[in-house]
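In: sequence and predicted structure below; questions after.
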Amino acid sequence: EFAKVQNEQFAELKKQHPGKFAPLAAVPLQDGQAAADELERAIKVLGLHGVGTGASVGAQPLDSPHLEPFYAKLNELQVPVFEHPGGADNVLKPDAWAGTRGALGNIIGNPLETTVYFSNLIHGGTLDKYPNLRVIGAHGGGYFPSYLGRTDVACEVRNGSNCLNRKHPSDYFKDQLMADTMVFSGEDVRHLVAKSGPTQIVYGTDIPIYNWPDAVQYILAAEMPDATKTMVLGGNLTKLLKLPPANF
């Protein structure tokens, strides 16, 4: 019921401000079929453009078998998922950040949680089973894009890795996995594009009320062609969210 109310309010916001908002739906991930049903309503009836999630539901990872109906519906509707983590509390022992300095739950925990989330989708076979899935990971996709070499060989050289993926992990970053630009330097934006390709990186702001630097400056500063900057600044998201073409 909470998700329904939220999605209806998002739809009303979009209606009141034409051309300004392309909202992502909330869904009840505790129940895979209920999540699928609300996703379909949000897209087909309310006119929303995708779904926003965390990286887990309670203690369960988001490649849990109970979410098969949800992923099947995403695959059918061909709308994107945007994942934002919550400090890696679901992957670390309780109070792991207690007493630490430097806001490590946010600065290290959030990218770590996204890295684990992407890894689960790959190694559990979810991305292979549902080839139309398009998943954007906040904060530059976590640590995953920068450590793909080690990840690529893990299933081949580590005993007990129990991988179900049919391709190298880096291959999924060429089409199904995406990252935003909240990485805080032009060189890091360039690196993301180099690792994944110009179609897989999108402009991100994190939560705009925070005093984070604006990622636009880093996209513009990155050493890459202007055509690539145009794709990252808005062209990729325009296609992904099925919006009318825009002049960037």
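Out: Cool, got the structure. These figures come from a predicted structure and were not determined experimentally.

In: ok, which stretches of this protein are helices?
Out: 2-16, 32-40, 68-77, 104-107, 109-123, 126-129, 138-141, 148-157, 169-172, 186-196, 216-221, 226-230, 236-240 (DSSP state H).

In: closest to residue 209 out of those helices?
Out: Among the helices of the chain, helix 104-107 comes nearest to residue 209, with 14.5 Å by Cβ to Cβ. Quick note: C-beta positions are derived from backbone N, CA and C, even for glycine.

In: can you list contacts of the closest one?
Out: 87-89, 97 (Cβ atoms under 8 Å, 6 or more residues apart in numbering).

In: follow-up on the earlier one: distance to residue 55 added to the helices of the chain, as a markdown table?
Out: Output for those, formatted as a markdown table (distance: least, Cβ to Cβ, whole Å):
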| stretch | distance to residue 55 |
| --- | --- |
| helix 2-16 | 18 |
| helix 32-40 | 15 |
| helix 68-77 | 14 |
| helix 104-107 | 14 |
| helix 109-123 | 4 |
| helix 126-129 | 13 |
| helix 138-141 | 9 |
| helix 148-157 | 17 |
| helix 169-172 | 16 |
| helix 186-196 | 19 |
| helix 216-221 | 24 |
| helix 226-230 | 28 |
| helix 236-240 | 20 |
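
In: most neighbours, which of the contacts of helix 104-107?
Out: residue 88 (25 neighbours; other Cβ atoms under 10 Å).

In: that one against residue 113, yeah?
Out: Yes - between residue 88 and residue 113 there is a contact at 4.1 Å, judged by Cβ atoms under 8 Å.
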